[in-house]
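K.L.:
Give me coordinates for this.
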Amino acid sequence: MASELHLLRSNREELVAKIRFVKPFLDRLLQYEEIVQEEYDATVANMIPQDRARALLDMVEAKGRGAFRHFREHLKKVNPELEEVLHRCSSHNLRLKLYCEKCELLLCRDCRSEDHKDHRCTSVVAEGDVIRREFTAFKRENRKILMEHRKGSSDCDIENMRREANDRMRILKERFSAKVDEEYRWFLGQLGVGGGTLSPAQSVSSIATSGSVVGSETNDISDCADPTTTPLSVVTSANADIYQYEEDEETCVTDDQTTLCDDLQNVHLNVDASLDILEDVCLPFDDNTTNVVRETETPKPFPTVEFLHSLGEFGIAKGQFHDPKGLAISPKGTIIVADTGNHRAQIFDTDGKWEREISVAQRGSTFPTSVAFRSIHPSGDVLVTCPFRGDLLQLPLSSSATKKILRRRRVSLCYGVTALDKGNTVVMSETVNNTVVTYSRKPNAAGQGRYIETNRYKGSFCKPLNINTDGLANIYVSDIGDGTVKVLKTEGPVIATIGWGFLRQPTGVCVDRRGNVIVADKMKNTLEIFAREGHHLNTLIPKEEGLKNPQEIALTPDETRLVVVDGGHNCVKVYRYNLPGDVDMLTNKDIRD
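P.N.:
Take a look at the predicted model:
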């Protein structure tokens, strides 16, 4: 139990960051009488999800073995990848990737280097990596064929397509079954009840006769961590055996030899020119590699951007900016920028051509910070927040319309704003009160619309800033106070927290149609992208690209361009936004590996 508690403490921050809902864990502990109702209520009373997760872990640690077992079982059910951290080496907090056949122990790489240098060890993870990639390739091939068929470019009829898919499925099942049978026979052999005495997963994870360089613990088969190596794509025949490794059964593992497949450099494969299941497997390359290989560039499984052009520079003239902050894009692609230092909103067309400006100083308001497009009326209008006067301005897009202002007397710092349902619902952040408020437009007796407060979220925010929506009634709030993005419903509490411990000062936030969350971090001068589940995918725009103090961000309606307000350089930058072709590649394990 001491080793289990040590793992719980060592991986505490990772567990806290990824456990978002504690009630299912508490329900299980309460059901099996590991806790009482008072402890349950005290845990859920915490307002911030991370605080509830910390209270849960403290309780599990204090209760001992029974509570830990139920916690681990439920974690395995809801998040098996996260549960793996509780099966790491208690001495080094590394994954148990090796099995020492002499000592009959599971080891991490450091354990093997320290105490099992001359023992024969085999990998327990390499075979699973191969299976995962085979199945991923099977799914990808099915989708490629389906795409070609729907485009009308496929010469095969549906019956032939069905027959070929059935053949691919049968081959895949046979390979999977063979691997499982091999492991089962080895297990029975060790028990002495029948079967052979093969090393587990001998065809992939046993020792190659040549030495190989020991890589990092986090590398798997798809990684090429050594910058001197070149990633290569292996292509095999559909009817050939996938892996045929020549190995010496008498060879022992030394410091210069490793059993992990992700470090294997001397491999012998049957290869031809046809593309097959393992087309995306990358292996390190050196002089010992004897295979015929085809060099390719592996596409990234997450969105990327390319810089196109920028709008404006520092100044007070038309098209110039002074400390710009807010940004909104209309359904027709019109770009609206809150030019904070010049006390105005500037409007550009889809191609970035300046159209007009609207001064907010005409009514005594100053320093606009956020803008939102509203399409209740055919011509549309713009909502602008001016925090220092507590004003929400309604500005027309057409020059002939009358400017209207809605003064909110109870709010001294209404910073961010977004509009849902064409503007019938408006959500604003009140930074001074650490509150997010929802307003719904209701017609009055005269038939005119009037906004009525319908919901107020308080207690979950430290300093809410900008607000955006994904078009599905989910609201995303950048909270600069604790360095997170909070996700909430229009009629409910905070349902998720993104970027805990990773973001520094998030400002702008937007969401693409696949649920990927893009966040601007003005302290790190980067744009980060997170999956809809909340884990970090990639740094979309690194600091080296030259961003300085990025503010609000937005995607164009067709999601082909990403627009970023670069406050430090007093301009607006436009990037091409590239979504990956294969949605299925975005899994927790793929990103982690």
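K.L.:
Show the pLDDT at residue 422.
P.N.:
If you check residue 422, the pLDDT there is 85.
K.L.:
Is it correct that it is in contact with residue 377?
P.N.:
No: Residue 422 is beyond contact range of residue 377, at 9.4 Å (criterion: Cβ atoms under 8 Å). Bear in mind the C-beta positions are built from the backbone N, C-alpha and C, glycine included.
K.L.:
And for stretch 39-48, what's in contact with it?
P.N.:
Under the criterion Cβ atoms under 8 Å, 6 or more residues apart in numbering, residues 22-23, 26, 29-30, 52, 55-56, 59, 459-460, 482, 497 lie in contact with stretch 39-48.
K.L.:
Buried residues in that stretch, which are they?
P.N.:
For stretch 39-48, the neighbour count (16 or more other Cβ atoms under 10 Å) marks 39-40, 43, 48 as buried.
K.L.:
Next: stretch 116-123.
P.N.:
For stretch 116-123, the neighbour count (16+ other Cβ under 10 Å) marks 116, 119-123 as buried.
K.L.:
ok, of those, which one's closest to residue 147?
P.N.:
Residue 147 has its nearest neighbour among these in residue 123, at 35.8 Å by Cβ to Cβ.
K.L.:
Identify the bridge partners of that closest one.
P.N.:
Applying DSSP bridges to residue 123 gives these bridge partners: residue 98.
K.L.:
what about the stretch 1-150 of the chain, any weak spots by pLDDT?
P.N.:
By pLDDT under 70, the low-scoring segments of the stretch 1-150 of the chain are 1-2.
K.L.:
And for the stretch 351-500 of the chain?
P.N.:
362-365, 398-412, 446-447.
K.L.:
in it, which spans are strands?
P.N.:
354-359, 370-374, 381-386, 391-396, 404-407, 414-420, 425-430, 435-443, 449-458, 464-469, 474-479, 484-489, 494-498 (DSSP state E, counting those that start in this stretch).
K.L.:
what's the angle between the longest one and strand 425-430?
P.N.:
Here strand 449-458 runs at 50 degrees with respect to strand 425-430, directions being taken by axes from the mean of the first three to the mean of the last three Cα atoms, to 10 degrees.
K.L.:
now strand 449-458: how far from the chain's centre is it?
P.N.:
Relative to its parent chain, strand 449-458 has a centroid offset of 32 Å by Cα atoms, centre = their mean, to the nearest Å.
K.L.:
Show only the entries of the buried residues of stretch 39-48 found in helices.
P.N.:
Secondary structure from DSSP state H places 39-40, 43 of the buried residues of stretch 39-48 in helices.
K.L.:
Pick the one among those residues closest to residue 580.
P.N.:
Checking these one by one against residue 580 (Cβ to Cβ), the nearest turns out to be residue 43, at 39.1 Å.
K.L.:
separation between the closest one and residue 483?
P.N.:
According to Cβ to Cβ, to the nearest Å, residue 43 and residue 483 sit 24 Å apart.
K.L.:
ok, back up a step: can you list the ones in helices among the buried residues of stretch 39-48 in JSON lines and add distance to residue 185?
P.N.:
Formatted as JSON lines, these follow (distance: Cβ to Cβ, whole Å):
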{"residue": "39", "distance to residue 185": "48"}
{"residue": "40", "distance to residue 185": "47"}
{"residue": "43", "distance to residue 185": "47"}
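K.L.:
So residue 112 is in contact with residue 121, correct?
P.N.:
Yes: assessed by Cβ under 8 Å, residue 112 is found in contact with residue 121 at 5.6 Å.
K.L.:
For the nearest residue to residue 511 once chain neighbours are set aside, give me its contacts.
P.N.:
Take residue 511 and drop its neighbours on the chain: the residue closest to it by Cβ to Cβ, 6 or more residues apart in numbering is residue 470, 3.9 Å away. Contact analysis of residue 470 by Cβ under 8 Å, 6+ apart lists 476, 511, 515.
K.L.:
Give me the buried subset of those residues.
P.N.:
Taking 16+ other Cβ under 10 Å as the criterion, what is buried in the contacts of residue 470 is 476, 511.
K.L.:
Let me have the contacts of residue 470 in TSV, extended by distance to residue 527.
P.N.:
Shown next, in TSV, are those (distance: Cβ to Cβ, whole Å):
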residue	distance to residue 527
476	14
511	13
515	17
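K.L.:
which of the contacts of residue 470 lies closest to residue 525?
P.N.:
Among the contacts of residue 470, residue 476 lies closest to residue 525 (Cβ to Cβ), at 20.6 Å.
K.L.:
hang on, isn't that closest one packed against residue 468?
P.N.:
Yes: assessed by Cβ under 8 Å, residue 476 is found in contact with residue 468 at 5.1 Å.
K.L.:
what touches both of these two?
P.N.:
With Cβ under 8 Å, 6+ apart as the test, residue 476 and residue 468 both reach 509-511.
K.L.:
Closest to residue 489 out of those residues?
P.N.:
residue 511 (14.1 Å).
K.L.:
wait, what's in contact with the closest one?
P.N.:
Going by Cβ under 8 Å, 6+ apart, residue 511 touches 468-470, 474, 476, 517-518.
K.L.:
Can you name the residues in contact with whichever strand or helix holds residue 346?
P.N.:
Under the criterion of DSSP states H and E, residue 346 resides in strand 344-348. Applying Cβ under 8 Å, 6+ apart, the contact partners of strand 344-348 are 311, 318-319, 321, 326, 334-339, 354-361, 368, 371, 382, 384, 395, 397, 572.
K.L.:
among the residues you listed, which ones are buried?
P.N.:
Members of the contacts of strand 344-348 classed as buried by 16+ other Cβ under 10 Å are 311, 319, 321, 326, 334-339, 354, 358, 360, 368, 371, 382, 384, 395, 397, 572.
K.L.:
Counting by contacts, list what the longest helix belonging to the chain packs against.
P.N.:
In the chain, with assignment by DSSP H, the single longest helix is helix 158-191. When contacts are defined as 3 or more Cβ pairs under 8 Å, 6 or more residues apart in numbering; DSSP states H and E, helix 158-191 sits against helix 126-151.
K.L.:
Quick check: buried residues in the helix it packs on?
P.N.:
Buried-residue list, helix 126-151, by 16+ other Cβ under 10 Å: 126-134, 136-137, 140-141, 145.
K.L.:
what would those residues look like in TSV with distance to residue 178?
P.N.:
As requested, the buried residues of helix 126-151 are arranged in TSV below (distance: Cβ to Cβ, whole Å):
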residue	distance to residue 178
126	15
127	11
128	14
129	16
130	12
131	11
132	16
133	16
134	12
136	19
137	17
140	22
141	20
145	25
